[in-house]
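Peer 1: Okay, sequence plus prediction incoming.
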Amino acid sequence: MVTGSPVEPRLDAEQRALACAGVSHFNRGEYFECHDALEDLWTGLRGPSRDFFQGLIQIAVAFQHLRNGNAAGAASLLARAEARLSAYPENYLRFDLAGWRAELLQRRAWLADGELAQAAQAPPPWRLFGPDQTVCGTA
């Protein structure tokens, strides 16, 4: 896990393309494909951003579990993602972590209350890397 306030990484063009692909897949509800793209990025990273991207991967896998009706698997991964992302500031790589922390807590609460359908509803989009909170430079 990350200690202190992590510094944002400088991603090269290939890393940025993988991150943008992951974001685009997530926003289209393609959680398995999101996982694959971000894992390709994650395996080559070193330093504090590695945990950040692992947290995003865990969120994607949790939503895949939600889609498949696996409430226990989703709850476990949402909790792990929340813990992993807790070391990062409210905004990291132009990603609204404050909003996503609240989102993860809400989904976990629904799961704890047996509200799988509520927890499985489409999540808000990930907005990352672009100006004005746009996805990778495009709206």
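Peer 2: Yep, it's here.
Peer 1: going forward, measure contacts between C-alpha atoms and count neighbours the same way
Peer 2: Will do.
Peer 1: Could you measure from residue 17 over to residue 38?
Peer 2: Plainly put, residue 17 is 10 Å away from residue 38 if you go by CA to CA, to the nearest Å.
Peer 1: okay, those two: which has more neighbours?
Peer 2: Comparing residue 17 with residue 38 by neighbour count (other CA atoms under 10 Å), the higher total belongs to residue 38, at 24 against 16.
Peer 1: quick one, what contacts that one?
Peer 2: If you count contacts by CA atoms under 8 Å, 6 or more residues apart in numbering, residue 38 has them with 18-19, 21-22, 53-54, 56-57.
Peer 1: Work out for me the element it sits within.
Peer 2: Taking DSSP states H and E as the definition, residue 38 sits inside helix 31-44.
Peer 1: model confidence over the helix or strand that comes right after that helix, on average?
Peer 2: Scanning forward in sequence from helix 31-44 by DSSP H and E, the next helix or strand is helix 49-67. Summarised as a single mean, pLDDT over helix 49-67 is 95.
Peer 1: Quick check: which helices or strands does helix 49-67 pack against?
Peer 2: Helix 49-67 sits against helix 31-44, helix 71-85, with contacts defined as 3 or more CA pairs under 8 Å, 6 or more residues apart in numbering; DSSP states H and E.
Peer 1: Could you dump those into CSV and include distance to residue 96 and mean pLDDT?
Peer 2: As requested, these are arranged in CSV below (distance: least, CA to CA, whole Å; pLDDT from 0 to 100):
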stretch, distance to residue 96, mean pLDDT
helix 31-44, 18, 95
helix 71-85, 11, 96
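Peer 1: As TSV, the ones you listed with distance to residue 13 would be great.
Peer 2: Conversion of these to TSV gives the following (distance: least, CA to CA, whole Å):
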stretch	distance to residue 13
helix 31-44	11
helix 71-85	24
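Peer 1: Good, we can wrap up now.
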